[in-house]
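Trainee: just coords:
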């Protein structure tokens, strides 16, 4: 790498891929973050979100925003803040047979306060289990309909007698705020890349502590660079109401967002899955499809069901935001149950996801139209020392990468275009282009010419 | 359905699909029509065509046109009118061994008059059989070359001795007229949909009494509606010379034809087969491909061999007319033989074909660009009562249909476009759009913006 | 065929396809040419190239060009001329254990002069064998790095003792010239078709005496025609440096090149393989894909590795030059070894390749937009005698070919376009179009309207 490459995303990607930088250690660090955040009781508002943002703020220069309950956000209204002091179902002896203190998932999120004595029959409509998975506690919410309930293992339920039971839901539902964290890393351009992870799920590891951990590590990496082409904006917000609230307060930012990624479910099993933007052929779609496909992952078309990509891609915003995950929500049995705990998330998967995100961003940062400066026939690589001294497949690949770049560098074709035609790896072509540039055979434009970003059609 | 939907094609389709309207009874009625029309001896001119149109006129306000023999129609000339009084081959005892009165197919259509006594050897060049299907009578014509002949079962032929035979073809070939029937159902727009069925085949049930029966039933349905977006034109004309003659007399109509369908072979075996227009991507192609594919049918590219779609699609007219059939001509052994009788046609197949035609027309009538009126993030469906009260797959599908419509309703995307992206059913999305419209979340344009129709380049 | 077709490429193709012209005899003649040229020691310069061009000049009006050593050609320089008087490795008894006189391949091409006595150990770095193919002599060159060496069968090497050996490389490497041959056959248009074959390989039959033999036979055929639409330019030049040198001296010609083919490896095993131009959808790509696909061959995308197509397609020239071969270089074990001798090349394969090249050129010469002069419905073919008198599949195919042409002849669609839609053979449609033209039903434009050719962006 050349000195001017130091401190760039390209250098970081190459260092992680070559083993110069320890990817395994990063995976372990991200897993430690997952374990640390796991016990906090997050919801779409409340102390758990703030405690989570406090942890992230230890390593990121995060700005915290509070939006008062009752604030209108397009079609939605910021709800009352919800907090939990205690919640349990106790038998006649005072033994807590279901106890929020043992597991956050035991309490239906946004349960309204209750103090009552009830028989099992009376209680049953408020109890949620998974008969097919008798040892797992399900995850349930009642955000927009005032109700209460407990979730428990079906085995627990079957062990309960007729009662009566003391039922206590000691929660508050009162005007407060919706909280989200935001980090902006300025780049050479005011054009922005948005990276978004939801922070509203309680003790669930893959959905979405994994996304939070990867987003945090990517943010740390980008913050440490000497140069960034784009401005990066990281958003840690509650799902749906959080992103819609953020969108409603940032009309000035939206036109600058050129690319975006929702990060979620990146630590569970399965290969990477990229979900396209609604339009399906934005720059981020091509970049992510390249990276994910080469990593053996899967690319799927947009559908209006999922995470916050639904809000960013809504026709009124039309932001080019795709989604990166592993096996998506609802397609693994542990989804939204107590089985989605830290042991369900693997350090190696977090590490690969981190590198894949950086590779996608590398394509976005470093893709450029290239111009062959010796375009009349093939230039003599040998007399310029561009034939590797050693032979073998690696050397042949390096020469072929140069030949592909030279063959298509007509000033209107980008390195990603060449990678697509050649079936080659973007980073390999980026390095080949750098060699050719050093030898005076190639000129590289700073970035692709771009169409104007979609503009917000109302404020 | 809302009151304003009453009397629309959409309502009719929904009623037939839900079972509210009895589709089976319609199939039986169409089969009865096939049986009634079967004995008439149709050809490209003559009494049989007029008798057929008389029957259709009992339930349709059909206008009958007669075009004199000798009239020029582009490269063609209306031929002399052909009628049959009698025709037979009788043995020495006077027994008719081949007798037109027993089956219309026994006489080659357009046979010239003959009275002669001939040995079998002399007769043989005028006899047509199907050795591979010894019990079936083939169907043969000699429209444009003066000749005569008989068709018979090969078993009949093999039973004939050396003769001599009395051969009588008591036909007239004399100036008269070419007859066709036409029905115009005015709509809100003067833009037209053309539905065409050929009426020149004698006792052949699938080819094309089935097409005639379905076209008639579709016409009856459309005539009974309170509102039609398009003007509908039904043409019952002899094949080739009939459609070319009609085209030559309607230069003013052609520019208004926005969509068209040739209906044929709709009662025989096999799934639906849609044959695209010559250009292949006209609106009717997309509409019919949607319907036929979802019904498990097949979509084929245009070829210049077939029925009257060849004339409508000729480069000088370039009309957007596709063709709907089941297993096409020449691909089933009964084709153009006496085995294509009413028992070859099934009421249930006629019924499904009728509904499929209505579904295609429903797409053409009701497809529209849609605009999301709450485009900034996903609107809250719950607070508007748009979440079905009951759960289950049907409810989920209804919500997903709304989400798909909302996600793509940017004012330039039509419901059929959304159906294509979503892999969803047009009628389901149409109903979802209606719900969203009622809730004030969606605006629906009256029809797609359209390119000007192809204009006739000569008169 | 009509009299005005005599002496056209169309007539030649039809005559070879029908058997009227003896294709087998042509294959034998081409194979004889391969055998005759095989013993000559070609390289990128020198007497062998000149001797080869002398043989070609016996039947072609070839112009020979010599470009002095040291001449700059874009990024390259014409090297010193290389010639061989003698070269051998002899043992102590004077017996030549490796002898250039026995096989041209024994001497590494461009070996510098040497006279030395060496042990086997000292000699070994200069000896090249194929241990996996112990009886074959490999082919090696050292054009741009001053060195020397011998190639031999691995069995030969294993039979050698420790020596010492007398090593003699009696070559000259001195200022001279690079030689290439060029033939221009003027046509009705100054637009050109370039056909290029490399002439720098010593005793290797498939690579590329086969290409030379086919190019020669194609040139002879074209020279014998009465009419040629295009001007044809045949280039017989050394690989890489030869084509680059030619390109550097013909800046005025390049804008006129509308189509081009590199011919190579056409006599070995395997079906035809067409390699697209860099842009991939030039006219020659469509024409060659049509011909090669119908012959059961394979069409591949461009890659920047191969023969002189790399130079013609370089971004500075951007010439529409594809490549026709059979199994390409490096994909058969005999490639670049003594096993690529005349027995590796089959007369029938040369013959088919010859016809395939003519068929491609026929598409380029004879493709034209067609206009239906009777476009209002299907014209009556019968009254014009266009229904073949005899029946059967051939007659049906001929009628269908006419129907396809009539159906799509809207003045903006070419015969190749129709062939593509119809899945039909271009030459069959060409003949159908000629029949329709004779009957006054079709007008044929002289060639397709064309976009301006790529212009040379520097001189």
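Mentor: Received the coordinates, thanks. No experiment lies behind these values; they were computed from the predicted model shown. Numbering: from 1, shown residues only, chains lettered A, B, ... in the order given.

Trainee: now the helices: where do they sit in the stretch 351-459 of chain A?
Mentor: For the stretch 351-459 of chain A, the helices defined by DSSP state H, counting those that start in this stretch occupy A:392-408, A:415-422, A:426-438.

Trainee: Quick check: residues of chain A near chain C?
Mentor: A:372, A:374-380, A:382-383, A:400, A:403-404, A:406-410, A:421-422 (Cβ under 8 Å from any Cβ of the partner chain). C-beta here means a position set from N, CA and C on the backbone, and glycine is covered the same way.

Trainee: hmm, 7 Å instead?
Mentor: Within chain A, the residues that sit near chain C (Cβ under 7 Å from any Cβ of the partner chain) are A:372, A:374-380, A:382, A:400, A:403-404, A:406-407, A:409-410.

Trainee: Grab the two from the residues you listed that are most spread out in space.
Mentor: A:382 and A:410 (23.8 Å; Cβ to Cβ).

Trainee: higher neighbour count, these two?
Mentor: For the pair residue A:382 and residue A:410, the greater number of neighbours falls to residue A:410 (18 against 11), based on other Cβ atoms under 10 Å in any protein chain shown.

Trainee: Can you name the residues that contact the more buried one?
Mentor: residue C:315 (Cβ atoms under 7 Å, 6 or more residues apart in numbering or on different chains).

Trainee: what do you get if the cut-off is 10 Å, keeping everything else the same?
Mentor: By Cβ atoms under 10 Å, 6 or more residues apart in numbering or on different chains, the residues touching residue A:410 are A:369-372, A:375, C:278-279, C:314-316, C:318, C:457.

Trainee: For beta bridges, what are the partners of it?
Mentor: Applying DSSP bridges to residue A:410 gives these bridge partners: residue A:371.

Trainee: Report the separation between it and residue C:315.
Mentor: Plainly put, residue A:410 is 4 Å away from residue C:315 if you go by Cβ to Cβ, to the nearest Å.

Trainee: Show me whatever sits in contact with both of these two.
Mentor: A:371-372, A:375, C:278, C:457.

Trainee: Just put those residues in CSV and tack on neighbour count.
Mentor: Output for these, formatted as CSV (neighbours: other Cβ atoms under 10 Å in any protein chain shown):
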residue, neighbour count
A:371, 17
A:372, 23
A:375, 23
C:278, 25
C:457, 13
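
Trainee: those helices in chain A, which residues are they?
Mentor: In chain A, the segments counted as helices under DSSP state H are A:9-18, A:23-37, A:47-57, A:120-123, A:154-158, A:211-223, A:241-248, A:283-294, A:309-312, A:347-366, A:392-408, A:415-422, A:426-438.

Trainee: Relative to residue B:149, which of the ones you listed is closest?
Mentor: Once those are compared by Cβ to Cβ, helix A:415-422 is nearest, at 63.1 Å.

Trainee: Check which helices and strands that closest one is in contact with.
Mentor: helix A:283-294, helix A:347-366, strand A:369-372, helix A:392-408, strand A:410-414, helix A:426-438 (3 or more Cβ pairs under 10 Å, 6 or more residues apart in numbering or on different chains; DSSP states H and E).

Trainee: buried residues in it?
Mentor: A:415-419, A:421-422 (16 or more other Cβ atoms under 10 Å in any protein chain shown).

Trainee: Need the residues you listed in CSV (columns: pLDDT).
Mentor: Shown next, in CSV, are these (pLDDT from 0 to 100):
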residue, pLDDT
A:415, 97
A:416, 97
A:417, 97
A:418, 97
A:419, 97
A:421, 96
A:422, 96
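
Trainee: coming back round to it: which one of the helices of chain A has the most crowded surroundings?
Mentor: helix A:309-312 (a mean of 27; mean count of other Cβ atoms under 10 Å in any protein chain shown).

Trainee: if you skip the residues just before and after it, what's nearest to the residue of chain A most remote from its centre?
Mentor: Distance to the chain centre peaks in chain A at residue A:383, reaching 46.9 Å (criterion: Cα atoms, centre = their mean). Spatial nearest neighbour of residue A:383, excluding adjacent residues (Cβ to Cβ, 6 or more residues apart in numbering or on different chains): residue C:144 at 7.6 Å.

Trainee: The one you found: neighbouring residues, count only.
Mentor: If we define neighbours as other Cβ under 10 Å, then residue C:144 has 15 of them.

Trainee: I figured it hits residue C:82, correct?
Mentor: No. Using Cβ atoms under 10 Å, residue C:144 is not in contact with residue C:82; the gap is 11.9 Å.

Trainee: what is in contact with those two at once?
Mentor: C:44, C:110.

Trainee: And the average pLDDT for stretch A:154-174 is what?
Mentor: Average pLDDT, stretch A:154-174: 97.

Trainee: just how off-centre is that stretch within its chain?
Mentor: 35 Å (Cα atoms, centre = their mean, to the nearest Å).

Trainee: go on, stretch A:69-78?
Mentor: So, by Cα atoms, centre = their mean, the centroid of stretch A:69-78 is 25 Å from its chain's centroid.

Trainee: Say whether chain B is contacted by that stretch.
Mentor: Yes. Stretch A:69-78 comes into contact with chain B (Cβ under 10 Å from any Cβ of the partner chain), by way of A:73-77.

Trainee: Quick check: the farthest pair among those?
Mentor: A:74 and A:77 (9.7 Å).
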